[in-house]
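# just the structure for this:
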Amino acid sequence: MAAASPERLSAACPFLDSGEIQQALADGNRFESTEEDPDTQSGVTLYACSYSRALESHVPLVELGVGDAPGFDSPEAAFRASARGCAGEPKPFTDDAVYCTTSQGTTTVTIAKRSHDRIRVAQLAFRRAPSDAFLDAYTTLAKTVAGRL
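Predicted coordinates:
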């Protein structure tokens, strides 16, 4: 898996391998990843990757979104913006990430850091509610993605 931070973003899946998802979640099933079509809004392109169990490829369990955030002057500004999708206050848990429960009861982990002279943001969306049982998995995955942003 490539660990170098790309100067220009062109995809989300290279930031996290499907095997890393499977290992972090301690899920015995093999996972597959699917790069979704990029979404451009207000001149900003967001890249997305969906991860699902190989036998349930139509049901994404985790989604990763990655993009440069030209409107933010700091990672903290990105964290404040991500709070709009949270049912409560986001909880910091690594130097570069916060997590929260969304209004739909799922978990979102937001990772933000300065990279290549701009703020780069990634979000991991899990199809399950936050649980202390998965906090180690969230931490592992957030640190992996942050290291590649």
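
# where along the protein do the strands fall?
31-35, 39-41, 44-53, 62-68, 91-94, 97-101, 107-115, 118-126 (DSSP state E).

# in JSON lines: those, plus mean pLDDT.
Listed next are the strands of the chain as JSON lines, based on pLDDT from 0 to 100:
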{"stretch": "strand 31-35", "mean pLDDT": "93"}
{"stretch": "strand 39-41", "mean pLDDT": "89"}
{"stretch": "strand 44-53", "mean pLDDT": "92"}
{"stretch": "strand 62-68", "mean pLDDT": "95"}
{"stretch": "strand 91-94", "mean pLDDT": "87"}
{"stretch": "strand 97-101", "mean pLDDT": "92"}
{"stretch": "strand 107-115", "mean pLDDT": "93"}
{"stretch": "strand 118-126", "mean pLDDT": "94"}
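
# excluding residues flanking it in the chain, which one is nearest Cys86?
Computed as Cβ to Cβ, 6 or more residues apart in numbering, the closest residue to Cys86 that is not its neighbour in sequence is Cys100, at 3.6 Å. To be clear about C-beta, it is placed using only N, CA and C from the backbone, and glycine gets the same treatment.

# meant to ask about Ala81
The nearest residue in space to Ala81 (Cβ to Cβ, 6+ apart) is Phe72, at 7.0 Å.

# any figure for the gap between that neighbour and Pro60?
26 Å (Cβ to Cβ, to the nearest Å).

# quick one: contacts for the residue sitting furthest away from the middle of the chain?
Going by Cα atoms, centre = their mean, the residue of the chain most distant from its centre is Leu55, 22.6 Å out. Counting by Cβ atoms under 8 Å, 6 or more residues apart in numbering, Leu55 makes contact with Asn29.

# many thanks, I have nothing further to ask.
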